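In: build me a model from this:
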Amino acid sequence: MTSTAQAPRSGAGTAHPDHLGHVIFIAAAAAMGGFLFGYDSSVINGAVEAIRGRYDIGSAALAQVIAIALIGCAIGAATAGRIADRIGRIRCMQIAAVLFTISAVGSALPFALWDLAFWRIIGGFAIGMASVIGPAYIAEVAPPAYRGRLGSFQQAAIVVGIAISQLVNWGLLNAAGGDQRGKLMGLEAWQVMLGVMVIPAVLYGLLSFAIPESPRFLLSVGKRERARAILEEVEGKSIDLDARVAEIEHAMKSEHKSTFKDLLGGSFFFKPIVWVGIGLSVFQQFVGINVAFYYSSTLWQSVGVDPTDSFFYSFTTSIINIIGTVIAMIFVDRIGRKPLALIGSVGMVVGLALEAWAFSYHLVDGKLPSTQGWTALIAAHIFVLFFALSWGVVVWVFLGEMFPNRIRAAALGVAASAQWIANWAITASFPSLADWNLSSTYVIYTVFAALSIPFVLKYVKETKGKSLEEMG
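Out: Predicted coordinates:
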């Protein structure tokens, strides 16, 4: 006899889907948003110098065109949750796919600098939506026993998207004879680079028609039979479907909708745990990681590397980023989040300090001396590797786990907003800082990497092996 005080257990926690390949396809299709997130974030790397030349602008104006997409990112991330709750996760993906497509076409065919910036904002809005809806949808559709592995598809898709964008840029540059403004298909090479994103954007839109709506959303709008059918499709026939539906409905009714007011308290406006989340987000960006993905081609050309080679080095850096991400995915549950963050911080300090040293030398015939040039190149790869195997993954894991249930959603929103703002600050400031003194710029990034070590040691608590309920 079942107690009325406790819903019957459905057995979903240990259940396995009847067709795991189908569930993997669903998660991979949703993760295409992550691929576009990575692709669109990084593709601009191949167009920076061409945009500077085409519109004859200085470093400050150039930085704003590159960084302005992050304004769209922040707006998209802030509104995606509400859109998804109102019209559904799938419709939200389809809107993002349309915005990615519009941004790609507009960016490839700009009339002037102002509308190029506008299309960049549209693309940023789509990135922001994809950054929220992908992980949320996968978490809601994935069987509990596979949620962690399927959830990692989003981060894997982002780093693959970054790598593919650099590979495509390198191939197009070679086709244009090594000139970013060389002619390809009647356009300048950089315009084709930005326009190619139409292909994955359309694919994302098509895939969204091939996957089911989230059962959680369907239950929220009263479509119980459709939700029940999808739960059977993704979690298998061995579970008690009526009990599973009851579990989800009970969880939805008992959820506390956290608000901004819940975060207030303590002596410095926010509760201390919220400041720790903000600190993790800011340190993740202030080490200068996005310089490696937005400006690496420009950086290498500024120290005398041939444009074609600079694009190739951007691609190899992206491959290192993938390798580091895989390492993090393997070890984050084995050795813990905090040790991995500390290992990454130490490695980043070494890589960034070596880059700062190499860039301190004067150029000879427009190039760094051989020893310093190779040191800078190797150090850049060391930096990206240690970032990817630690802070690139660990920060998002921490942010998903460290906050008490009562404030988790609102606190995560504030921390994510801090991350976009910090990202904008680094992206917008790098060209002007590099014009001022490239070596000193990397000293600044090195200092932030070094400061992240005592910050983690003193303020960040390990969350490995703890249930979300143990966070308070």
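
In: could you list the low-confidence segments of the stretch 301-450 of the chain?
Out: Counting by pLDDT under 70, the stretch 301-450 of the chain has low-confidence residues at 405, 409.

In: run through the helices of it in chain order.
Out: Using DSSP state H, counting those that start in this stretch, the helices found in the stretch 301-450 of the chain span residues 307-331, 337-359, 370-388, 391-401, 408-459.

In: as a markdown table, those helices with mean neighbour count and distance to His250 would be great.
Out: C-beta coordinates here come from the backbone N, C-alpha and C atoms, glycine included. A markdown table is the format used below for these (neighbours: other Cβ atoms under 10 Å; distance: least, Cβ to Cβ, whole Å):
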| stretch | mean neighbour count | distance to His250 |
| --- | --- | --- |
| helix 307-331 | 20 | 32 |
| helix 337-359 | 22 | 30 |
| helix 370-388 | 20 | 39 |
| helix 391-401 | 22 | 22 |
| helix 408-459 | 19 | 18 |
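
In: how about the ones you listed, which one is nearest Ser131?
Out: Closest of the helices of the stretch 301-450 of the chain to Ser131 is helix 408-459, at 7.9 Å (criterion: Cβ to Cβ).

In: now the angle from the closest one to helix 337-359?
Out: 70 degrees (axes from the mean of the first three to the mean of the last three Cα atoms, to 10 degrees).

In: which strands and helices sit next to helix 408-459?
Out: helix 59-67, helix 69-87, helix 272-286, helix 289-294, helix 296-302, helix 337-359, helix 391-401 (3 or more Cβ pairs under 8 Å, 6 or more residues apart in numbering; DSSP states H and E).

In: turn those helices into JSON lines, columns for distance to Asp262.
Out: Below are the helices and strands packed on helix 408-459 laid out as JSON lines (distance: least, Cβ to Cβ, whole Å):
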{"stretch": "helix 59-67", "distance to Asp262": "31"}
{"stretch": "helix 69-87", "distance to Asp262": "16"}
{"stretch": "helix 272-286", "distance to Asp262": "10"}
{"stretch": "helix 289-294", "distance to Asp262": "31"}
{"stretch": "helix 296-302", "distance to Asp262": "40"}
{"stretch": "helix 337-359", "distance to Asp262": "24"}
{"stretch": "helix 391-401", "distance to Asp262": "16"}
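
In: nearest to Leu218, out of the helices of the stretch 301-450 of the chain?
Out: With Cβ to Cβ as the criterion, Leu218 lies closest to helix 408-459 of the helices of the stretch 301-450 of the chain, at 20.6 Å.

In: got a list of what the closest residue to Trp420 other than its chain neighbours touches?
Out: Distances taken as Cβ to Cβ, 6 or more residues apart in numbering place Ala74 nearest to Trp420, at 4.3 Å, with adjacent residues excluded. For Ala74, the contacting residues are Gly124, Gly128, Ser417, Trp420, Ile421, Trp424, by Cβ atoms under 8 Å, 6 or more residues apart in numbering.

In: pretty sure the third one contacts Gly76?
Out: No. Contact status for Ser417 versus Gly76: not in contact, 11.7 Å apart, counting by Cβ atoms under 8 Å.

In: overlap in contacts, these two.
Out: Contacts common to Ser417 and Gly76, judged by Cβ under 8 Å, 6+ apart, are absent.

In: do you know how far the closest residue to Ser281 other than its chain neighbours is from Gly413?
Out: Nearest in space to Ser281, with sequence neighbours left out and distances taken as Cβ to Cβ, 6+ apart, is Gln419 at 3.8 Å. Taking Cβ to Cβ, to the nearest Å as the measure, Gln419 and Gly413 are separated by 11 Å.

In: repeat that for Ala353.
Out: 35 Å.

In: what's the answer for Gly277, then?
Out: 10 Å.

In: got a list of what the nearest residue to Pro431 once chain neighbours are set aside touches?
Out: Nearest residue to Pro431, sequence neighbours excluded (Cβ to Cβ, 6+ apart): Ser59, at 3.6 Å. Ser59 makes contact with Pro431, Ser432, Ala434, Asp435 under the criterion Cβ under 8 Å, 6+ apart.
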